[in-house]
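Peer 1: kindly generate the corresponding structure for this input.
(one chain, ligands or ions: 1)
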Amino acid sequence: MKEIVFATNNAHKLAEIRAILGTAFNVLSLADIGCHDDIPETADTLEGNALQKARYVAEHYHTACFADDTGLEVTALGGAPGVHTARYAYPDRQDTEANTDRLLQELQHAADRSARFRTVIAYIDAAGKEHLFEGIVHGHITTQRQGTEGFGYDPVFASDESGLTFAQMGVQAKNRISHRARAVARLSEYLLIDH
Ligand code: IMP
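Peer 2: This next block holds a predicted model:
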């Protein structure tokens, strides 16, 4: 079976990708290949960060690999927080509640509350060729938190398709339409059908 490294140690993301690719690929995590480094993520775009992580693994471990990066892009904020989504409230740490509070605050007087989640996956194949895959889900930012499931901005992001926040939809329904699921589907289509 072909091996491919996913540059993450996030158990949820690994389970999701293994469920899709598991029969054709042995998907290894960073821990599985003995990588405990703090891989730099210093680019100013999602594409840049995903490529930076994938290149790091390809260069140090000489293996086919992929990495992802996700951002919330809000129209009224000119696409922010974008690449800064994880650390929107504080540049040095991830605080979900503070991030959400800041977002609601920034949009207090906004007429246009439209937003999208965008995931970029960078894949570097065994020959060193780089590929990018994207997944987008469109929606809007609600005026207050709704729902209890999920993580991150889920309580304030309502998808156009369901009209509900991701936190109200539940994980299974969310995972059928999410930005990450869509990017993963593009990657797996490429890997399973063509390669
Ligand atoms: P990452 O690139 O997957 O680490 O995502 C960056 C940040 O985007 C996370 O820290 C979350 O704040 C946010 N995020 C990513 N995906 C989701 C999601 O599905 N729901 C809510 N927030 C998300």
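Peer 1: and the closest residue to the ligand within the chain, what does it touch?
Peer 2: Nearest residue of the chain to the ligand, counting by C-beta to the nearest ligand atom: G152, 2.4 Å away. For the C-beta atoms, the positions are set from N, CA and C on the backbone; glycine is no exception. Counting by C-beta atoms under 8 Å, 6 or more residues apart in numbering, G152 makes contact with 85, 96, 99.
Peer 1: give the helix, strand or coil label for it.
Peer 2: Judged by DSSP: H, G, I helix; E, B strand; the rest coil, the three-state class of G152 is coil.
Peer 1: in what helix or strand does N26 lie?
Peer 2: strand 25-28 (DSSP states H and E).
Peer 1: parallel or antiparallel, list what pairs with that strand.
Peer 2: Partners of strand 25-28 in the sheet, by DSSP bridges, are strand 2-6 (parallel).
Peer 1: residues in contact with the partner strand?
Peer 2: Residues contacting strand 2-6 (C-beta under 8 Å, 6+ apart): 13-14, 17, 21, 24-30, 32-33, 57, 61, 63-67, 191.
Peer 1: apply 10 Å and report the result again.
Peer 2: Defining contact as C-beta atoms under 10 Å, 6 or more residues apart in numbering, one finds that strand 2-6 is touched by 13-14, 16-18, 21, 24-30, 32-33, 35, 54, 57-58, 61, 63-68, 121, 123-126, 187, 191, 195.
Peer 1: buried residues in it?
Peer 2: Across strand 2-6, burial judged by 16 or more other C-beta atoms under 10 Å covers 4-6.
Peer 1: what of stretch 107-126?
Peer 2: For stretch 107-126, the neighbour count (16+ other C-beta under 10 Å) marks 107, 113, 115-125 as buried.
Peer 1: what about A126, distance to T63?
Peer 2: Using C-beta to C-beta, to the nearest Å, one gets 8 Å for the distance from A126 to T63.
Peer 1: for the strand holding N26, the averaged confidence score.
Peer 2: In this model, strand 25-28 carries a mean pLDDT of 93.
Peer 1: distance between it and the chain's centre?
Peer 2: Remark: strand 25-28 is offset 19 Å from the chain centroid, using C-alpha atoms, centre = their mean, to the nearest Å.
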